[in-house]
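Trainee: curious how this folds, go ahead:
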Amino acid sequence: MKDPITFADVLSARKTIAGHVIHTPLRPSAALSDRIGSPVWLKCEQQQYTGSFKLRGAANAVLRLRDEEKAKGVVGVSTGNYGRALAFAARNAGVRSIICMSELVPQNKVDGIRALGAEVRIIGQSQDEAQQEVDRLVEQDGMIMLPPFDHADVIAGQGTLGLEIVEALPDVDTLLVPLSGGGLLAGVALVAKSVNPMIRVVGITMERGCAMITSLQEGKPTSVKELPTLADSLGGGIGENNQYTFDMCGDLTDDFVLVNEAQIADGIRAAYHDDQQVIEGAGAVGIAALRAGLVDNPGRTVVLTTGCNIDMDLHKRIVGGEDVDLMAE
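Mentor: Numbers count the residues shown, from 1 in each chain. Predicted coordinates:
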């Protein structure tokens, strides 16, 4: 692991990205509060520019590049939301960007990235395969790789989301944080534990192929097969040479919870009908876990609803009550 990321790094990131991101609302959820018998808030990061929290880390990473690095252009791998964020941040900084993705990324996310001016390359059936193209562009063309989670500036940028929560609600008991490669969980947990070690941080992810939980169980970064899931943004590996998030998630997270596809659909549906929020599957896993009773004694809880970039035809089917299983489609 490289030099550890500190609370001061997150404070610095907040200054760097000020004016480039939205300070998103912390919204009480009456329906979830009634359901669990404790106050619940939604941290509505789906209202961020580009529709997800990923812009915080991408903006911090791009803005902190030296001029000679910006001139080389940036490249990254993505399951969709990071690609959109990196494309947006790069365009605003006048930097060329290439986003590499697997064939599992939904078309609406591919189209959204192209609309922001990035070049898109679709490679293979997994994020690890797409990463091979990123590595080639770095080696052969000299581009600057900005990975979606395992990067100090990205993690510090994501941590600014935690700052907004603990400053607005210093007596929070539990944070429910979606988990994929761990950049968000690492950054938010770092802030929470720095401010108050008693804040409980729970990583929430899908049953279908969570590389981080498998890796922590194995004691080292481990690849898993990527499967179609409603929480598509949580797919992908954590990297064989993981520098930060593997250790940080293991050290700073109190609990991990897995949700199945039916529970994710229920979370999407409840967000829409109860809280009038359009949230994608990856952003709804915290709601799903609460509604399924998978978080014991949560107390005063903040659910991080992290993205809204769902295919709207799929969203319509889910909120209409259809039993959607992408494995069968």
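
Trainee: look up the closest residue to Asp153, ignoring the ones flanking it.
Mentor: Ala61 (4.1 Å; CB to CB, 6 or more residues apart in numbering). The C-beta positions use only the backbone N, C-alpha and C, and glycine is treated the same way.

Trainee: now swap in Leu176 and tell me
Mentor: Gly286 (3.5 Å).

Trainee: one more: Gly80?
Mentor: Leaving out its chain neighbours, the residue that sits closest to Gly80 by CB to CB, 6+ apart is Lys109, at 3.2 Å.

Trainee: which residues touch the one you found?
Mentor: Counting by CB atoms under 8 Å, 6 or more residues apart in numbering, Lys109 makes contact with Thr79, Gly80, Asn81, Gly83, Arg84, Met101, Asn309.

Trainee: could I get the helix or strand containing Gln263 in PDB with only the CA atoms?
Mentor: Using DSSP states H and E, Gln263 falls within helix 261-275. C-alpha atoms of helix 261-275 as PDB (Å, rounded to 0.1, in the frame of the first residue of the first chain):
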ATOM      1  CA  GLU A 261     -32.100  -9.200  -7.200                       C
ATOM      2  CA  ALA A 262     -35.700  -9.200  -5.800                       C
ATOM      3  CA  GLN A 263     -34.600  -7.100  -2.900                       C
ATOM      4  CA  ILE A 264     -32.800  -4.600  -5.200                       C
ATOM      5  CA  ALA A 265     -35.900  -4.300  -7.300                       C
ATOM      6  CA  ASP A 266     -37.900  -3.700  -4.200                       C
ATOM      7  CA  GLY A 267     -35.500  -0.900  -3.200                       C
ATOM      8  CA  ILE A 268     -35.900   0.700  -6.600                       C
ATOM      9  CA  ARG A 269     -39.700   0.400  -6.400                       C
ATOM     10  CA  ALA A 270     -39.800   1.800  -2.800                       C
ATOM     11  CA  ALA A 271     -37.600   4.800  -3.700                       C
ATOM     12  CA  TYR A 272     -40.000   5.700  -6.400                       C
ATOM     13  CA  HIS A 273     -43.300   5.100  -4.800                       C
ATOM     14  CA  ASP A 274     -42.400   6.200  -1.200                       C
ATOM     15  CA  ASP A 275     -39.800   8.900  -1.700                       C
END
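
Trainee: which helices and strands sit right next to the longest strand along the chain?
Mentor: Criterion DSSP state E: the longest strand present in the chain is strand 200-206. Counting contacts by 3 or more CB pairs under 8 Å, 6 or more residues apart in numbering; DSSP states H and E, strand 200-206 is packed against strand 174-178, helix 183-195, helix 211-218, strand 255-259, helix 285-291.

Trainee: that strand - which strands sit beside it in the sheet, and in what orientation?
Mentor: Take DSSP bridges as the rule and strand 200-206 pairs in its sheet with strand 174-178 (parallel), strand 255-259 (parallel).

Trainee: for Val10, find the nearest of the ones you listed.
Mentor: Taking CB to CB, strand 174-178 is the member of those nearest to Val10, at 14.7 Å.

Trainee: neighbouring contacts of that closest one?
Mentor: For strand 174-178, using CB under 8 Å, 6+ apart, the contacting residues are 162, 165, 184-185, 188-189, 192, 199-205, 231, 233-234, 282-283, 285-286, 289-290, 295, 298-304, 306.

Trainee: mind listing what's buried along stretch 133-151?
Mentor: Glu133, Val134, Leu137, Met143, Ile144, Leu146, Pro147, Pro148, Phe149, Asp150, His151 (16 or more other CB atoms under 10 Å).

Trainee: which residues sit in contact with the fifth one?
Mentor: With contacts taken as CB under 8 Å, 6+ apart, Ile144 has the following neighbours: Leu65, Glu69, Lys70, Lys72, Gly73, Val74, Val75, Val138.
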